[in-house]
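**Q** give me coordinates for this.
(2 chains)
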Amino acid sequence: MSSIGHVTPQTLHFAAPLALQSGASLAEYSLVYETYGTLNADKSNAVLVCHALNASHHVAGTYEGQEKSEGWWHNMIGPGLPVDTNKFFVIGVNNLGSCFGSTGPMHMNAATGKPYGSAFPVVTVEDWVNAQARLLDALGITTLAAVMGGSLGGMQAIAWTLQYPKRVRHCVAIASAPNLSAQNIAFNEVARQAIVTDPDFHGGDFYEHNVIPKRGLRVARMIGHITYLSDDAMAEKFGRLRKTDDIAYTFDTEFEIESYLRYQGDKFSEYFDANTYLLITRALDYFDPARNYGGNITAALANALAKFLVISFTTDWRFSPERSREIVQALIANQRDVTYAEIDAQHGHDAFLMTDARYHALVRAYFENITALPPLPQAGEMSNEMASPPLPRQRERAGGEGRSQ
Amino acid sequence: MNANQKALAALVPANCRVLDLGCGDGTLLAHLRDAKSCKTYGVELDDTNVIACAQKGLNVIQLNLEAGLAMFGDNSFDYVLQLDTLPNIRHTEIALRETARVGKRGLISFANFAYWPLRWQVMKGRLPVTKELPYEWYNTPNVRVATYADFEALAAKCKLKVHDSFGLTDGQIIRALPNLRGSEAVFVFSA
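**A** So this is what the prediction gives:
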């Protein structure tokens, strides 16, 4: 149940090219977004919510005529909820390369008259943040009261504080990390390999063949799903439960966990785009703000001016508490304001989406303190000029790896 | 804040960087931030206390002190407070050395087990139950108890420089016979 009620996504078209970190650029693009609550007169109550791998701009509320269409963070954002839309103007935005409305690989490439497919440029977390900043410019919002996100969304929130330090008052990074571990990249690579080796993938140009690499997507999702859950959560939910008491001595689905993973994989392959999966996992792999600082995250975060709330979950082994502590340690070393909590939760990485009294009470308490009006922005402190991005555009093409594994 | 907390807060200079280990609900830290313009961080393990600190808008880090203070750099704080946390810490020596490493000054306070009313209760044959040590022997969460004199000896063993030390009773600083007359023992030290 969401008390936001029905919401309608909006689309904003950007005619000016967006220079990407790879050196490529998008000549034009559209961003789909939703807003909840009311922007106040001095536009000081905006909260930007960044989404993770398989989510979208649809953060809260429902769509008319679709009962079960609650936004992915409907338990967090709404009237009277931890991020209270009676007080804050919340923006959810779909990232470039996604398959939920913003310009992505399934859309028409004006230059060729065909869907982008394999020609869609590799986008990074930093590129997404630049695109989000243009959306805020268009909405007339100079400074965010807060930017928040979980997992990959938390990475975007962190990137905001580095690329646009003066435009962010608070950063809420939940179940996130300063970069992916080798193990994380490995999981992503297995998922990508499942997709690119599906004969229906056609090098990313499957749209023109009127097929979908569903088998690859299913396996990718199954792998991902395992890593989002904790061992304990899986044991509790499925254990060794079987569909029937008798062992059938086959390779069909006999254990409940198999059935569950196949169901999740099937569902996912119906709505998710294979190229989007590659693009988003690659953005995850590349994110590493310390890279331009000799691997020193403290030096990287010295550029941030925001106050931080960092939250991790004890059973999250994909984005473990240790990784969040690295962020916290760097912030403390820079004498930044930071609050950090390790929530004792059972759901692994997925815990950031779950309703948990302590977790939500903490977010609520934090946002209740984001009330004081910010100093008035100086005239002209808008758009990218003020950004003075501390992350120089990567001089070499982002590794040159591309998406053609 | 109670009288003893007020007396302890008064020991912390204005405008300094303070780390409070086991900061509870953050009452004392909020005072140091608001009344003394200190830059404050608290460390706390308990969920309810972490939320209470967040409600006060304090910087609070949820950590188990037993896991050490690796998150904090050498001499990165002017004062590191360890108020009434000593009884809950198993690795006392490590905690003390870490406090001295992270802070230019460490400030520790704990219930003094040699305070005379406690001695009296022990004389009568029972383990003491007082305002500072309110638990029965069978339900105490404390893993350590110590006296003013015990800590003096430990500080010497750990080669800590003690800059000041005294007893504290109902907010009054006790310099004569602190081991007997102080309900709490207070030490200001550095590495």
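
**Q** ranges for the strands of chain B?
**A** Secondary structure of chain B (DSSP state E): strands located at B:17-21, B:39-44, B:60-62, B:77-83, B:103-111, B:161-169, B:172-174, B:184-190.

**Q** I'd like those laid out as JSON lines, including mean neighbour count and mean pLDDT.
**A** No exception for glycine: its C-beta is placed from N, CA and C like everyone else's. Formatted as JSON lines, the entries for the strands of chain B read as follows, by neighbours: other CB atoms under 10 Å in any protein chain shown; pLDDT from 0 to 100:
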{"stretch": "strand B:17-21", "mean neighbour count": "25", "mean pLDDT": "98"}
{"stretch": "strand B:39-44", "mean neighbour count": "26", "mean pLDDT": "98"}
{"stretch": "strand B:60-62", "mean neighbour count": "27", "mean pLDDT": "98"}
{"stretch": "strand B:77-83", "mean neighbour count": "23", "mean pLDDT": "97"}
{"stretch": "strand B:103-111", "mean neighbour count": "24", "mean pLDDT": "96"}
{"stretch": "strand B:161-169", "mean neighbour count": "17", "mean pLDDT": "97"}
{"stretch": "strand B:172-174", "mean neighbour count": "17", "mean pLDDT": "96"}
{"stretch": "strand B:184-190", "mean neighbour count": "22", "mean pLDDT": "97"}
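
**Q** among these, which is nearest chain A?
**A** Closest approach to chain A among those (CB to the nearest CB): strand B:60-62, 4.5 Å.

**Q** now what about that closest one, what contacts it?
**A** Residues outside strand B:60-62 that contact it (CB atoms under 8 Å, 6 or more residues apart in numbering or on different chains): A:328, A:332, A:338-342, B:23, B:26, B:41-45, B:47, B:49-50, B:53-54, B:71.

**Q** ok, which stretches of the chain are helices?
**A** I went with chain A, as the question did not name one. Using DSSP state H, the helices of chain A run over residues A:125-139, A:152-163, A:182-196, A:214-228, A:231-237, A:256-271, A:274-286, A:297-301, A:321-333, A:357-368.

**Q** wait, chain B
**A** Using DSSP H, the helices of chain B run over residues B:3-9, B:27-36, B:47-55, B:92-102, B:116-123, B:148-157, B:178-181.

**Q** pull out the buried residues from the longest one.
**A** Within helix B:92-102, the residues that qualify as buried are B:92, B:95, B:96, B:97, B:98, B:99, B:100, B:101, B:102, counting by 16 or more other CB atoms under 10 Å in any protein chain shown.

**Q** who's in contact with the fourth one?
**A** Which is residue B:97. The contact partners of residue B:97, taken as CB under 8 Å, 6+ apart, are B:158, B:191.

**Q** got a list of what the residue most central in space within chain A touches?
**A** Using CA atoms, centre = their mean, the residue of chain A that lies closest to the mean C-alpha position is residue A:52, 2.3 Å off. With CB under 8 Å, 6+ apart as the criterion, the residues that contact residue A:52 are A:149, A:150, A:151, A:152, A:153.

**Q** with neighbour count and pLDDT as extra columns, can I get those in TSV?
**A** Output for the contacts of residue A:52, formatted as TSV (neighbours: other CB under 10 Å; pLDDT from 0 to 100):
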residue	neighbour count	pLDDT
A:149	27	98
A:150	29	97
A:151	26	97
A:152	27	98
A:153	29	98
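
**Q** measure residue B:42 to residue B:89 for me?
**A** As for residue B:42, its distance to residue B:89 is 16 Å (criterion: CB to CB, to the nearest Å).

**Q** residues contacting residue 13?
**A** Because you didn't say which chain, this covers chain A. Contact partners of residue A:13, counting by CB under 8 Å, 6+ apart, are A:28, A:29, A:30.

**Q** that's the wrong chain, I meant chain B
**A** So, once contact is read as CB under 8 Å, 6+ apart, residue B:13 ends up touching B:36, B:78, B:79.

**Q** ok, residue B:49 next?
**A** In this structure, residue B:49 makes contact with B:23, B:24, B:25, B:26, B:60, judged by CB under 8 Å, 6+ apart.

**Q** can you select the buried ones from those residues in ChimeraX?
**A** A single ChimeraX command suffices to select whichever of the contacts of residue B:49 are buried according to 16+ other CB under 10 Å:
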select /B:23,24,25,26,60
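
**Q** quick check, nearest of the contacts of residue B:49 to chain A?
**A** Using CB to the nearest CB, the shortest approach to chain A within the contacts of residue B:49 belongs to residue B:60, at 5.2 Å.

**Q** how close does the closest residue to that closest one other than its chain neighbours sit to residue B:182?
**A** Leaving aside its chain neighbours, residue B:60 sits nearest to residue B:53 (3.7 Å; criterion: CB to CB, 6 or more residues apart in numbering or on different chains). Spatial separation of residue B:53 from residue B:182 under the definition CB to CB is 28 Å.

**Q** what about those two, which has more around it?
**A** Comparing residue B:53 with residue B:182 by other CB atoms under 10 Å in any protein chain shown, the one with more neighbours is residue B:53, at 32 against 26.

**Q** with adjacent residues omitted, what lies nearest to residue A:101?
**A** Looking at residue A:101 with CB to CB, 6+ apart, the closest residue is residue A:32, at 3.3 Å.

**Q** was I right about that neighbour contacting residue A:8?
**A** No. With contact defined as CB atoms under 8 Å, residue A:32 does not count as touching residue A:8 (10.7 Å).

**Q** those two: which is more packed in?
**A** Taking neighbours as other CB under 10 Å, residue A:32 and residue A:8 compare with residue A:32 leading, 21 against 9.

**Q** CSV for the contacts of residue A:52, including distance to residue A:299?
**A** Converted to CSV, those look like this (distance: CB to CB, whole Å):
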residue, distance to residue A:299
A:149, 23
A:150, 25
A:151, 24
A:152, 23
A:153, 24
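
**Q** show me which residues of chain B are close to chain A?
**A** Within chain B, the residues that sit near chain A (CB under 8 Å from any CB of the partner chain) are B:17, B:39, B:41, B:47, B:50-51, B:53-55, B:57-63, B:70-73, B:76.

**Q** excluding its backbone neighbours, what's nearest residue A:190?
**A** Taking CB to CB, 6+ apart as the measure, residue A:190 lies nearest to residue A:223, with 5.6 Å between them; neighbours along the chain are not counted.

**Q** okay, that neighbour: pLDDT?
**A** Per-residue confidence at residue A:223 stands at 95 (pLDDT).

**Q** do I have it right that it meets residue A:188?
**A** No. Here residue A:223 does not reach residue A:188: they are 9.0 Å apart, not a contact under CB under 8 Å.

**Q** which residues does the residue nearest the centre of chain B contact?
**A** Central residue of chain B (CA atoms, centre = their mean): residue B:83, 1.8 Å from the mean position. If you count contacts by CB under 8 Å, 6+ apart, residue B:83 has them with B:5, B:8, B:20, B:22, B:28, B:107, B:108, B:109.

**Q** what's near enough to touch the nearest residue to residue B:80 once chain neighbours are set aside?
**A** The shortest distance from residue B:80 to any residue other than its chain neighbours is 3.1 Å, reached at residue B:103 (CB to CB, 6+ apart). Applying CB under 8 Å, 6+ apart to residue B:103 gives the contacts B:19, B:75, B:77, B:78, B:79, B:80, B:190.

**Q** and if you look at residue A:55?
**A** Taking CB under 8 Å, 6+ apart as the definition of contact, the neighbours of residue A:55 are A:72, A:153.

**Q** that'll do, ta.
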